[in-house]
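> Give me coordinates for this.
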Amino acid sequence: MTSTTHPAIHTTGLTKHYDDVPALVDLDLEVRRGEVFGFLGPNGAGKTTTIRTLLDLIRPTAGSASILGLDTRADAVEIRRHIGYLPSDLAMYPNLTGKDLLTYFANLRGGVDWGHVDALATRLKADLGKKVGDLSSGNRQKVGIIQAFMSRPDLVLMDEPSTGLDPLVQQEFQTMMREVADDGRSVFLSSHTLSEVQRVADRVGIIRQGRLVDVEGVHDLRSKAIRRVELVFDAPVTAEEFAGVAGVRDTQVRDNAIMLSFDGHMEELLAVATGRHHLVDINSEEADLEEIFLAYYREDAVDGESREEAMA
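Predicted structure coming up:
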């Protein structure tokens, strides 16, 4: 039996090496009940290794982990009764229909509420009557999502689950994740897409090169996120005019427009933009995820230099 007093996931020093290659290093992590936790990192950062280690599909080199208060190694079978899992490379029998495949998974679990399954299929616009081999990648992904949610698990773990989904289905899927959290259950969402995690998660763990860089609330992550900003004016401008604004870098000027990377306070940027010129248009979009990681590492480097100076 699981207890609601325990966190959904708890790890201490969880480490996995492949021969001499460290894929996961000293992971200390806690995922709370009733939250969507985003696990964010570029491809190859260690996200899939983390999930596979948590599920006892591979054994850790060091450290320990628990799911719903149960030891991930000693209680692996019991844990599977309480979780839903969608891997990044879900294998499906191509000659089975979606309904046949879900029936197979349901029988492994001892049965499910088929009214709930049908409701999930309707929400995702999934055609369960076709053979899996005849479905597009996005429609196969819908079947995978349904199998992860259909038993109303206490914890859903998903590795890059939005692959191939169209925007409207993604929106419905995000609503489904929020409903799980609102019900007091938990979602562990692994992704390399910052926008997806920001829209649905309560907190975000950032992993790079096998190490947990930080755990942030989504609002705090937004405040750190670098943006690509384009400012369009009615007359030419120069990069030097914006050089003094905190957070501005990588400026490029083209005719009456300036493009820049920015991680400061937007009102300061706009004060300069509107104080000297007539602003015609502004476009802003999130920067590449790698740039956000580099921003974290720049902060770490500055902190390290400050510590060295203090110790000198």
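> which regions of the stretch 151-300 of the chain lie under the pLDDT threshold?
For the stretch 151-300 of the chain, the stretches with pLDDT under 70 are 222-225, 286-300.
> As a check, name the ranges of all helices in the stretch 51-200 of the chain.
76-80, 98-109, 114-124, 137-149, 167-182, 194-200 (DSSP state H, counting those that start in this stretch).
> Could you list the domains of the chain?
9-222, 227-286 (automatic domain parsing).
> and among those, the most buried is which?
Compared across those, domain 9-222 shows the largest average neighbour count, a mean of 18 (mean count of other Cβ atoms under 10 Å). Where you see a C-beta, it was placed from the backbone N, CA and C, and this is true even at glycine.
> so how far is that domain from its chain's centroid?
Distance of domain 9-222 from its chain centroid, counting by Cα atoms, centre = their mean, to the nearest Å, is 10 Å.
> Then stretch 258-275?
Using Cα atoms, centre = their mean, the offset of stretch 258-275 from its chain centre is 28 Å.
> circling back: can you list the helices of the stretch 51-200 of the chain in TSV and add distance to residue 274?
Formatted as TSV, the helices of the stretch 51-200 of the chain follow (distance: least, Cβ to Cβ, whole Å):
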stretch	distance to residue 274
helix 76-80	56
helix 98-109	54
helix 114-124	45
helix 137-149	43
helix 167-182	33
helix 194-200	27
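> Can you say which of these is nearest to residue 265?
helix 194-200 (18.4 Å; Cβ to Cβ).
> Quick one: name whatever helix or strand follows that closest one.
strand 203-208 (DSSP states H and E).
> contact partners of that following strand?
If you take Cβ atoms under 8 Å, 6 or more residues apart in numbering as the criterion, strand 203-208 is touched by 29, 32, 35, 37-42, 45-47, 50, 197-198, 212-218, 221, 293, 296.
> Check stretch 263-272 too.
224-227, 229, 241-242, 244-248, 262, 279, 282, 295.
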